Structure formats: C-alpha cells, structure tokens
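Visitor: quick one, fold the following:
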Amino acid sequence: MQLIQGQIVAIMPPNFTDQWGNQYQDVTVRTAQGDIVGQKASKTALTENDVGAQVEWNIEVKQNQRNQNYNKFTKPQDPQYGSQNRATRPQRAAQGTNVSRSRDYDAENRGKVRTQFIKAAIIAGTLNCKCYDDILTLTEFAMTGIDPAKAKPQYRPNPEYVGENPPPPVDSEIPF
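Guide: Predicted coordinates:
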C-alpha cells in the first residue's frame, strides 16, 4: 500500500453498488508521477464538483474476479482506529440499518425561545433563581414547556403501601 497525493482530474459515474451501499467509481488522480486511474468506494458518490479537489489516498493493487489488476483508492486510516477488524462489517450489515428519527424542529425552536425568555427575565431581574431547584425547574420548563410545579403527577401513590418490609399485623387485624 502506498500513499499518493494529487488532484482529481476525472470522475466516472458509479458502476457498482455493494450490499453495504458503497458505490464504486473510477477516478483519475494527477500526481507528481503522472495520472493514476483507480477505483474508489464510498457511501456517497463523487461528483463533478469534486474535480480539482486535492486528495491524499492510499493506493493498492487488487485483482478482480476476472484476474485483472486494478488500483484501489482508500482514505488513509487513522491510527487510533487501526486495530478495528473488518470482519465485523458484514455482521453490522446483517443487523439492519439504523432507523433515524426525524427531528422535531418546531419543538427545538420552542425550547430555544423559552430559554431566551428565561435568560432575559433573569437579566432583567424579574425572575430570581434562589437555589438549585429553581434552576432545575426552569430547565425542565425550557426543555418541555411544562412547569413542573403546576404539572399533575403522572402517578398516584398508594396510601396503603408500607414499603418492602411491612410491620407484622396486630392481633386485632387478623380476621379469624
């Protein structure tokens, strides 16, 4: 494996996508030694906008299924992650893709606005934070929009619950 530095001069559209979603495409890189054509795999394909970009890639000669040699471009690996095993990759793919939750931008923005109103009221002196509990209450209000002091409890405690080790019954409480 050899490290090359150069400028992308040509990019071909992806010609193959593997089972992990990597798109393979031919890329020509101009180096001090001349132009090198190789294959680059990535989740997002390179586009015409990437032509002219400076790159620093590893190059390795590989052999395809028809026993033809080709140059494979890869990004240099961070030494911090060098000990990771590539054999775990198919296992991750078999587990399925992560389902990303869509962000609720309206809720985020409402929380930001509430935070700024709280901040303005503290600066103006109309809202006093006397203890840590006040800060927790204001934080809860800013995050959810619900004032914990006025919120209904989510559950009702059982008034007859006596804990894990109840006292033994008194003789008058025994029904027989």
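
Visitor: could you check how far I11 is from F141?
Guide: According to C-beta to C-beta, to the nearest Å, I11 stands 52 Å off from F141. Every C-beta, even on glycine, is put in place using the N, C-alpha and C of the backbone.

Visitor: for the longest helix seen in the chain, packing partners?
Guide: The longest helix of the chain (DSSP state H) is helix 105-124. Secondary-structure packing of helix 105-124 (3 or more C-beta pairs under 8 Å, 6 or more residues apart in numbering; DSSP states H and E): helix 132-144.

Visitor: show residues contacting stretch 60-80.
Guide: Stretch 60-80 is touched from outside by 1-3, 27, 29, 36-41, 56-59, with contacts defined as C-beta atoms under 8 Å, 6 or more residues apart in numbering.

Visitor: can you confirm N71 is in a helix?
Guide: No - N71 is assigned strand when assessed by DSSP: H, G, I helix; E, B strand; the rest coil, not a helix.

Visitor: stretch 28-35: end-to-end distance?
Guide: This stretch, stretch 28-35, spans 6 Å end to end (C-alpha to C-alpha, to the nearest Å).

Visitor: so how far is that stretch off the chain centroid?
Guide: Remark: stretch 28-35 is offset 35 Å from the chain centroid, using C-alpha atoms, centre = their mean, to the nearest Å.

Visitor: what's the local residue count around I11?
Guide: Neighbours of I11 under the rule other C-beta atoms under 10 Å: 19.

Visitor: that one against S42, yeah?
Guide: No - with contact defined as C-beta atoms under 8 Å, I11 does not count as touching S42 (11.4 Å).

Visitor: and this protein, what are its domain boundaries?
Guide: The chain breaks down into these domains under automatic domain parsing: 2-77, 105-144.

Visitor: no more questions from me, cheers.
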